[in-house]
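In: below is the sequence, then the predicted model.
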Amino acid sequence: MPKPDQEHGYILVIEQETAMRHWLVTQLSGQGHTVDACDVLSVGLECFRAGNHDVVIADYLSLKAQNSTFLKTLAEEAPDTPVITVCSGDDINNAIGALQNGAVDHLFPQHLNPEVLGLRVQKALERSLLLRQNRQYRQQLEAANTELERSLELLQEDQEAGRRVQFRLLPPSPFEIMDCVVTHRIFPSLYLSGDFVEYFKVGENKLGFYLADVSGHGAASAFVTVFLKAVTNRLQRHYEKKTQVNYVSPSRVLADINAELNAMHMGKHLAMFCGVVDLVNNRLTYSVAAHYPPPLLINDGDVLSLAGKGLPLGLFKEVNYEEHVVSLGERFTLMAASDGVLDVLPKGSASEKEKQLQEIAMHVNSVDDLVSALQLSKDAALPDDVALLVIKRA
């Protein structure tokens, strides 16, 4: 079977009048088309099924006598194949009936000449080609959409698996050491979070902790949190067998993480609040690397915004970080949050939002109180990851 193009096509002629059938075959063949011809609709249908023609030219009176069953069958089996009907006489009702039953054009033999025939057939061929191309494009698009949906499903499965793994890396909440209780919550804006929280015992009476906020969010940022967990594991292994630890330097921890991030060339940087709580000497030692908003310390009812500044980790080499020491009361609450918390607070300036956090901190006993005050939920759509950390000694 010849391949269809816009110049020449594969045409089936079904015409009961011998003279008209021969004329159509002669003219169409002379114009370069490949033509099959027959005089009965039933034979024509079998011929079409065998040849899959581009255009069908059929005698309308035969179609009408058959109640247009041929047209309906053709429309079901080959909806892209145009049918042109032919009928002698000037009865416009025949043309209307043909068009109503699915024909794309109707020819009156007495007004027909080779040029008109060629133009009408060419239009039908162009229509046939366009319909087939559209169908192919639609099928290709549907196939592409199906593949995309499957890829998205696989990606979602991977992301959900990664989320489960990442959350298993987090420390237990609540976590108790002496008379101190630590709780945390993380709310990712996507499946995976670029925020991370860690805390652990340092000797018998000290608590080490940090809250990290990796630039961006999603999988790339989440990979950095895995690196942070490895750093934490090294620290824990170093101190787990020591019952007495005289000094742990948060600034040294930040400097080491910064050096490793720069050496790994991960293209990510992060903010961090890192500290050690000495529960015997009632002292907090901490360092800050571009962390915002400032952590809050509530000492015996007074709210203190912890000062500190420092460059982000992973951007610059050989950075020194300041170390701060703050006295702790017999009862205190330390509250820290990543900058995503600012997006869930009511609109206002940065200083106004800091004041809102200070007011909230006065009534926080655990991270659940903080979550409730911020009206956060696991199903909430967030523009940025939110990490919350609360250390409480009552």
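Out: The structure has been received and is ready for your questions.
In: can you name the element that comes right after the lengthiest helix in the chain?
Out: In the chain, taking DSSP state H as the definition, the longest helix is helix 114-169. Moving toward the C-terminus from helix 114-169, the next helix or strand (DSSP states H and E) is strand 175-177.
In: just name whatever secondary elements that next one is in contact with.
Out: Applying 3 or more C-beta pairs under 8 Å, 6 or more residues apart in numbering; DSSP states H and E, one finds that strand 175-177 makes contact with strand 180-187. Placement of C-beta: from N, CA and C, glycine included.
In: quick one: average pLDDT of the strand it packs on?
Out: On average, the pLDDT along strand 180-187 is 94.
In: could you do stretch 80-88 as well?
Out: 90.
In: quick check: buried residues in it?
Out: Within stretch 80-88, the residues that count as buried by 16 or more other C-beta atoms under 10 Å are Asp80, Thr81, Pro82, Val83, Ile84, Thr85, Val86, Cys87.
In: from what I can see the fourth one touches Lys72, true?
Out: Spelled out, it's Val83. No - at 10.9 Å, Val83 does not count as touching Lys72 under the criterion of C-beta atoms under 8 Å.
In: show me the beta-bridge partners of the closest residue to Pro295 other than its chain neighbours.
Out: Spatial nearest neighbour of Pro295, chain neighbours left out: Ala336 (4.1 Å); criterion: C-beta to C-beta, 6 or more residues apart in numbering. On the basis of DSSP bridges, Ala336 is bridged to Leu389.
In: what number of residues lie near Phe332?
Out: Phe332 has 22 neighbouring residues, counting by other C-beta atoms under 10 Å.
In: how near is it to Leu61?
Out: With distances taken as C-beta to C-beta, to the nearest Å, Phe332 is found 100 Å from Leu61.
In: now do the helices in the stretch 201-350 of the chain.
Out: Assigned helices in the stretch 201-350 of the chain, in chain order: 219-239, 250-264, 350-361 (criterion: DSSP state H, counting those that start in this stretch).
In: pick the most deeply packed of the ones you listed.
Out: Of the helices of the stretch 201-350 of the chain, the one with the most neighbours on average (mean count of other C-beta atoms under 10 Å) is helix 250-264, at a mean of 19.
In: can you tell me what sits against that one?
Out: 210, 224, 227-228, 231, 235, 268-270, 272, 274-276, 285-287, 289, 310, 313-323 (C-beta atoms under 8 Å, 6 or more residues apart in numbering).
In: same check on stretch 228-237?
Out: Residues outside stretch 228-237 that contact it (C-beta under 8 Å, 6+ apart): Leu169, Phe196, Glu198, Phe200, Val202, Gly208, Tyr210, Ala212, Val253, Asp256, Ile257, Glu260.
In: what's the answer for stretch 306-313, then?
Out: With C-beta under 8 Å, 6+ apart as the test, stretch 306-313 has contacts from 215, 254, 257-258, 261, 269-272, 286-291, 294-297, 319, 321-322, 324, 326.
In: at 7 Å instead, please
Out: For stretch 306-313, contacts defined as C-beta atoms under 7 Å, 6 or more residues apart in numbering pick out 254, 257-258, 261, 269-272, 286-290, 294-295, 297, 319, 321-322, 324, 326.
In: swap in stretch 73-90?
Out: Outside stretch 73-90, the residues touching it (C-beta under 7 Å, 6+ apart) are 15, 20, 45, 53-61, 63, 71, 94, 98, 102-110, 120, 124, 127-128, 131-132, 135.
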